[in-house]
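J.: Any chance you can model this:
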Amino acid sequence: WLDGAGAWSSWRRIALPLAAPTTLAVAVLAFSHYWSDFVDPLLFLKSASRFTVTVGLRMLQQMDQTHWPLLLAAITVAIAPVIALYLFLQSVLRGDADIVRRSLRILDRDSEER
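T.: All right, here's what the predicted structure looks like:
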């Protein structure tokens, strides 16, 4: 183990910080998927008070006409939490790209030495 640290301490200090950006990226994608889910709530939910945001947006459209300013305002409000979550976690998500860049530089340097 690393300098007398146990397995859990090594995991907490090495593996967990390296896995955090990827885990957060998957969490943002999962949140975005469930936030914008349309088919499952439409099929399984019967009460209009339990509909998700996307089903509610679809209910704003009528067969004969659509009130576009209201619909576009609702879309802006609906997408705001996903954008806010991404902007809040952006610095952590960029850490994942930095790890990949550093790894590629190390691999390039090793291949040039051979």
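J.: What's the separation between the spatially most central residue of the chain and Ile83?
T.: The centre of the chain sits closest to Val28, judged by Cα atoms, centre = their mean, with a distance of 1.4 Å. Plainly put, Val28 is 11 Å away from Ile83 if you go by Cβ to Cβ, to the nearest Å. The way it works is simple: take the backbone N, C-alpha and C, and place the C-beta from them, glycine included.
J.: quick one: the residue nearest to the centre of the chain is in a strand?
T.: No: secondary structure assignment places Val28 outside any strand; it is helix (DSSP: H, G, I helix; E, B strand; the rest coil).
J.: In stretch 47-65, which residues are buried?
T.: Judged by neighbour count using 16 or more other Cβ atoms under 10 Å, the buried positions of stretch 47-65 are Phe51, Thr52, Val53, Thr54, Val55, Leu57.
J.: Look up the pLDDT of the closest residue to Leu57 other than its chain neighbours for me, please.
T.: Of all residues beyond its chain neighbours, the one nearest Leu57 is Ala74 (5.7 Å), with distances taken as Cβ to Cβ, 6 or more residues apart in numbering. Looking at Ala74, its pLDDT stands at 91.
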